[in-house]
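[1] coordinates only, sequence not included:
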C-alpha cells in the first residue's frame with residue numbers, strides 16, 4: 001500500500017506543485033499546468049480527490065477541510081481585492097467538478113456563487129447593467145435549485161414560466177424570475193437560499209462531491225469502464241463573465257486544436273457572444289464558428305491561437321479549451337485532452353508522428369482497437385435522395401446509422417432493452433440524457449453545434465450525430481415530435497448521416513469499409529509494436 005500523500009488537501013492553482021490528475025482531478029491539474037505556462041487563468045483553488053472520497057465516506061467535509069477552504073477563500077479575496085458578500089466589491093466564484101478522467105457534462109457545476117439579495121443590487125449599480133446582474137443571480141438560483149437542492153428541472157421551469165414578466169424590460173424580468181426561484185427554493189428545496197456566500201460555497205462543494213454518485217455519472221462510468229473508487233476533485237475559481245455588456249465585447253467559447261470529428265489540422269470551435277460557457281455546450285443558442293472571433297477581434301483570435309498551439313505541444317495530443325472573453329480580455333478556464341471520433345483519432349496520431357510530436361510506437365499505443373475499428377465504421381456511400389431528406393444540420397460526429405426515432409432518453413433506453421435500434425432525437429441534450437446516448441445508435445438535436453454537449457458526448461461514444469437541424473418540439477407525452485413542419489411518431493425509422501449532416505427517411509447504401517492511408521500506416525505501427 002502506498003504511503004498517504006503529504007500534499008495539502010486544499011491548494012491554490014499556483015501552489016499545487018506537480019499537476020497530478022489523480023490528486024487534483026483533470027480540471028484542477030490542467031489549471032495548475034496553465035498557470036505554470038503563464039496563461040491567463042482566473043485564480044482559484046482545488047479540493048483534492050482525497051477530500052472527495054472522504055466526503056463520500058463520511059457524509060460531509062471534515063473541519064480541517066473547511067478551515068483550509070476558508071484560508072483559500074481569504075487568499076482569493078486578498079489577491080483580487082474583492083470580498084465575498086461585499087456589495088461594493090464582490091468576489092464571485094464558480095464551483096466545478098473535476099474527476100481524474102474526462103466525464104463531459106456528467107457531473108455538476110454552479111456559476112456565480114456569492115450573489116445574494118444585497119450583492120446583486122451592488123453589482124447592478126457598479127456595472128450599470130440590471131440585465132447582467134439579475135440575469136447572473138437568476139442563473140445561480142436556477143442551478144442551485146436543481147443541482148444543490150434537488151428540485152426537478154421541470155418544476156423550476158414551471159416556476160420561471162409563472163413569474164410575472166410580461167412587458168417588463170430584461171433586467172426587471174430577471175428580477176421577477178429570481179423572486180420566483182427564491183420562493184421555490186424556500187418552499188420545495190428544504191429551506192431558504194443561503195444569503196451568506198460562504199454557506200453557499202460549502203453547499204455547492206457538497207453537491208459537486210455528491211454528484212459523483214448521481215445516476216448519470218454512474219451510468220457513464222459503467223459504459224466507459226471508469227473505476228468508481230477514483231472519486232472527483234472540486235475546483236473553486238473566481239468568476240469571469242462572458243455575459244457582461246460594455247464598450248468591449250464579451251463572450252464564451254470552446255476551441256479544439258484540430259477538428260475532433262475528422263482530425264484535420266487547424267483550430268476549430270465556436271463562440272457565443274453575451275453568454276456564459278454553459279450556454280455554448282448546452283446548445284440553447286446558435287454559436288458562431290471560431291473564425292468569427294478572428295474576423296471581429298483579430299488580436300484576441302491571435303492570442304487564442306497561441307494558447308492552443310502552446311497547450312497542444314505541451315500535451316502532444318488533441319486538446320479542447322474553454323475560454324471566456326470579458327470586456328475584451330481573454331481568459332482560459334479549462335483545457336483537457338479532447339474526445340474524438342475514431343477517424344480523427346487515427347489521423348491525429350499519424351499527423352503528429354509526421355510533425356515530430358510523438359513516435360510511431362506512441363501512436364500505436366495511443367489509438368485503441370475500438371477507435372481503429374470505429375475509423376472503419378460504416379458510412380453512407382452517397383447523400384440521401386433529396387426527396388427523402390427530413391432535415392439538414394451540422395455534421396457533428398461521423399458515421400452512418402439507421403434506427404427508430406425516440407424523443408425521450410428513458411423511452412430510448414426502454415426501446416433498446418427490447419432489442420430495437422434507436423435514434424435519440426431531442427431539441428437539445430443535457431447530461432440527464434446519458435442513458436439515451438448509451439442506448440442509441442445515433443443522436444439528432446434541433447439546436448447546438450459541433451461543440452455542444454450532444455456532439456462532444458456522441459463523438460466520445462462513437463455515435464453518429466447531426467446537430468442544429470432546426471425546431472424540434474416534443475409532443476404527445478414524448479411519443480411524437482414536430483421537426484419543422486413534419487410530425488414524426490416514436491418508432492419511425494430514420495437514417496442519420498453524421499458525415500454530411502443529413503437526417504433522411506431511408507438510408508443510401510453503405511460504403512464498403514476501406515482502409516485509407518492513415519489507417520494503413522497505423523496498422524503497420526501496431527503490427528510492429530506487437531512483434
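    Looks like it arrived, so ask away. None of the values given here were measured: they were computed from a predicted structure. Numbering: from 1, shown residues only.

[2] show me where pLDDT drops low in this protein?
    Scanning the chain for pLDDT under 70 picks out 1-6, 105, 283-284, 512-515.

[3] So it: which segments form each domain?
    According to the domain assignment given by automatic domain parsing, the chain is divided into the following structural domains: 77-238, 251-337, 342-376+514-530, 386-504.

[4] Now do the end-to-end distance for the shortest one.
    Looking at domain 342-376+514-530, the gap from its leading to its trailing residue is 21 Å under the measure Cα to Cα, to the nearest Å.

[5] Equivalent analysis for the last one, please.
    Between the opening and closing residues of domain 386-504 lies a distance of 9 Å (Cα to Cα).

[6] can you check stretch 92-101 too?
    Start to finish, the residues bounding stretch 92-101 are 27 Å apart (Cα to Cα).

[7] follow-up on the earlier one: can you lay out the domains of the chain as JSON lines showing mean neighbour count and distance to residue 31?
    Glycine gets a C-beta too; all of them are placed from N, C-alpha and C. Formatted as JSON lines, these follow (neighbours: other Cβ atoms under 10 Å; distance: least, Cβ to Cβ, whole Å):
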{"stretch": "domain 77-238", "mean neighbour count": "19", "distance to residue 31": "7"}
{"stretch": "domain 251-337", "mean neighbour count": "20", "distance to residue 31": "7"}
{"stretch": "domain 342-376+514-530", "mean neighbour count": "17", "distance to residue 31": "23"}
{"stretch": "domain 386-504", "mean neighbour count": "21", "distance to residue 31": "20"}
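
[8] which residues touch the host helix or strand of residue 174?
    Element membership of residue 174, judged by DSSP states H and E, is helix 170-188. By Cβ atoms under 8 Å, 6 or more residues apart in numbering, the list of residues contacting helix 170-188 from outside reads 120, 124, 129-131, 133-135, 137-138, 141-142, 144-145, 149, 151, 155-156, 159-160, 162-165, 168, 191-193.

[9] next one: stretch 519-531
    Outside of stretch 519-531, the residues that reach it under the criterion Cβ under 8 Å, 6+ apart are 346, 349-350, 360-361, 363-365, 367, 372, 375-376, 515.

[10] mind running it again at 10 Å?
    For stretch 519-531, the surrounding residues in contact (Cβ atoms under 10 Å, 6 or more residues apart in numbering) are 342-343, 345-347, 349-350, 353-354, 359-367, 369, 371-372, 375-376, 513-515.

[11] Now go through these and say which are in strands.
    Secondary-structure check on the contacts of stretch 519-531 using DSSP state E: no residue lies within strands.

[12] on that earlier part again, need the domains of the chain in a markdown table with distance to residue 14, can you?
    Formatted as a markdown table, the entries for the domains of the chain read as follows, by distance: least, Cβ to Cβ, whole Å:
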| stretch | distance to residue 14 |
| --- | --- |
| domain 77-238 | 10 |
| domain 251-337 | 15 |
| domain 342-376+514-530 | 28 |
| domain 386-504 | 29 |
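
[13] of the ones you listed, which approaches residue 245 most closely?
    Nearest to residue 245 among the domains of the chain is domain 77-238; the distance by Cβ to Cβ comes to 5.2 Å.

[14] Distance from the chain centre to the closest one, please.
    16 Å (Cα atoms, centre = their mean, to the nearest Å).

[15] just checking, residue 321 touches residue 254?
    Yes: counting by Cβ atoms under 10 Å, residue 321 touches residue 254, with 7.2 Å between them.

[16] what touches both of those two?
    With contacts taken as Cβ under 10 Å, 6+ apart, the residues that reach both residue 321 and residue 254 are 269, 334, 338.

[17] Can you add secondary structure and distance to residue 316 and give those residues back as a markdown table?
    Conversion of these to a markdown table gives the following (DSSP: H, G, I helix; E, B strand; the rest coil; distance: Cβ to Cβ, whole Å):
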| residue | secondary structure | distance to residue 316 |
| --- | --- | --- |
| 269 | strand | 20 |
| 334 | strand | 19 |
| 338 | coil | 13 |
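
[18] From the residues you listed, pick the one nearest residue 303.
    Looking at the shared contacts of residue 321 and residue 254 and their distance to residue 303, the nearest is residue 269, at 14.0 Å (Cβ to Cβ).

[19] does that closest one have beta-bridge partners, and which?
    residue 255 (DSSP bridges).

[20] contacting residues around residue 491?
    When the contact criterion is Cβ under 10 Å, 6+ apart, the partners of residue 491 are 403-406, 411, 415, 420, 422, 479-480.

[21] got JSON lines for those, with distance to residue 494 and secondary structure too?
    Putting those into JSON lines (distance: Cβ to Cβ, whole Å; DSSP: H, G, I helix; E, B strand; the rest coil) gives the following:
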{"residue": "403", "distance to residue 494": "7", "secondary structure": "strand"}
{"residue": "404", "distance to residue 494": "8", "secondary structure": "strand"}
{"residue": "405", "distance to residue 494": "5", "secondary structure": "strand"}
{"residue": "406", "distance to residue 494": "11", "secondary structure": "strand"}
{"residue": "411", "distance to residue 494": "15", "secondary structure": "helix"}
{"residue": "415", "distance to residue 494": "13", "secondary structure": "helix"}
{"residue": "420", "distance to residue 494": "13", "secondary structure": "coil"}
{"residue": "422", "distance to residue 494": "10", "secondary structure": "strand"}
{"residue": "479", "distance to residue 494": "16", "secondary structure": "coil"}
{"residue": "480", "distance to residue 494": "13", "secondary structure": "strand"}
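
[22] Please convert those residues to a markdown table, extending it with distance to residue 298.
    Putting the contacts of residue 491 into a markdown table (distance: Cβ to Cβ, whole Å) gives the following:
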| residue | distance to residue 298 |
| --- | --- |
| 403 | 44 |
| 404 | 48 |
| 405 | 44 |
| 406 | 45 |
| 411 | 48 |
| 415 | 49 |
| 420 | 51 |
| 422 | 45 |
| 479 | 50 |
| 480 | 47 |
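
[23] Which of the three states applies to residue 119?
    Secondary structure, DSSP: H, G, I helix; E, B strand; the rest coil: residue 119 is helix.

[24] where does the residue lying closest to it once chain neighbours are set aside fall, phi/psi-wise?
    In space, not counting the residues next to it along the chain, residue 119 is nearest to residue 90; the distance is 4.7 Å by Cβ to Cβ, 6 or more residues apart in numbering. Geometry field for residue 90 lists phi and psi as phi -80, psi 140, criterion degrees, to the nearest 10.
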